[in-house]
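Chemist: attaching a predicted model along with its sequence, questions to come.
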Amino acid sequence: MARRERTHQVGRVDRDYVEATSPALHPALAAIEEAAEPDGIPILDRESGRVLAALAANRRRILEIGTAIGFSTLWMALAQPAGGTIVTIDPDRSRTDRARSWWRQAGVPDEQITVVTARALEAFERREPALDGPFDLVFIDAIKTEYPAYAAAVIPRLSPGALIVADNVLWSGRVADMEQLDPTEDTLALRQFNGGMLSDPRFVASILPVGDGLLVATYRA
């Protein structure tokens, strides 16, 4: 029997190669990265941003749950086809106003991105018209304990073949660490979300070990 070759584990050298061979980061994205760090604002990992952009490239109607200062929004907006639109939800107007300035800096027209200023679950409950859908891609990056509820809210709003993408699903190793004696509510909710999406027959789903973990699920309906 032939000896099985040992699987290569992707490391820093591989990631540096990917970054070096990828297109240069747009100046507006770089500006958001620079602004986020001193203010302690959590944003998408750059590696995950590149994956998200690739997934958004043919998606005309996108819903984002969790805008922050618009980093992930801009990755998607720059990748979208002409005429594409994004609806993004966040309760913090001060952050989304900053985001809008960077979107404009990147040349994204105001009409491409609609901001719903509200907590996501409240916006869904009150049937905000902008959230009617159907959406071709939903990106989730907000309150971790609410991930399962977000999924339940968006599934009726998906178009056939739509994607659900969620960030932080590995939660810096905490989700995979079954030895934790006292897992947090965030960890338990993320485990519930991951398990639900991966076992749901309506989806074909997987978790990509990039950044802090990206779940990608394709809607079969």
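Modeler: Right, received. Where do you want to start?

Chemist: would you map the helices across this structure?
Modeler: 12-21, 27-39, 46-56, 71-79, 93-105, 120-125, 147-154, 185-199 (DSSP state H).

Chemist: deepest of the ones you listed, which one?
Modeler: Of all those, helix 71-79 has the most neighbours on average by mean count of other CB atoms under 10 Å, namely a mean of 24. Placement of C-beta: from N, CA and C, glycine included.

Chemist: now do it: which elements does it pack against?
Modeler: Applying 3 or more CB pairs under 8 Å, 6 or more residues apart in numbering; DSSP states H and E, one finds that helix 71-79 contacts helix 27-39, helix 46-56, strand 61-65, strand 85-89, helix 93-105, strand 135-140.

Chemist: just to revisit the earlier point, now the helices of the chain in a markdown table, with distance to Pro160 and mean pLDDT?
Modeler: Shown next, in a markdown table, are those (distance: least, CB to CB, whole Å; pLDDT from 0 to 100):
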| stretch | distance to Pro160 | mean pLDDT |
| --- | --- | --- |
| helix 12-21 | 32 | 88 |
| helix 27-39 | 31 | 94 |
| helix 46-56 | 16 | 97 |
| helix 71-79 | 20 | 98 |
| helix 93-105 | 29 | 97 |
| helix 120-125 | 21 | 97 |
| helix 147-154 | 14 | 98 |
| helix 185-199 | 17 | 96 |
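
Chemist: once you drop chain neighbours, what's closest to Asp45?
Modeler: Distances taken as CB to CB, 6 or more residues apart in numbering place Gly211 nearest to Asp45, at 3.2 Å, with adjacent residues excluded.

Chemist: what number of residues lie near that neighbour?
Modeler: By other CB atoms under 10 Å, 19 other residues sit near Gly211.

Chemist: and the gap between it and Ser172?
Modeler: Distance of Gly211 to Ser172, computed by CB to CB, to the nearest Å: 10 Å.

Chemist: what is the most centrally placed residue in the chain paired to in the beta sheet?
Modeler: Central residue of the chain (CA atoms, centre = their mean): Phe139, 4.0 Å from the mean position. With DSSP bridges applied, Phe139 shows beta-bridge pairing to Glu64, Val165.

Chemist: ditto for Ala217
Modeler: For Ala217, the beta-bridge partners under DSSP bridges are Ile164, Ala205.

Chemist: what's the pLDDT at it?
Modeler: For Ala217, the model assigns a pLDDT of 98.

Chemist: next one: Phe203
Modeler: Predicted confidence (pLDDT) for Phe203: 98.

Chemist: does it touch Leu163 like I think?
Modeler: No - contact criterion CB atoms under 8 Å: Phe203 and Leu163 do not qualify, at 9.5 Å.

Chemist: joint contacts of the two?
Modeler: Common neighbours of Phe203 and Leu163, using CB atoms under 8 Å, 6 or more residues apart in numbering, are 217-219.

Chemist: among these, which ones are buried?
Modeler: Neighbour counting over those (16 or more other CB atoms under 10 Å) leaves 217, 219 as the buried ones.
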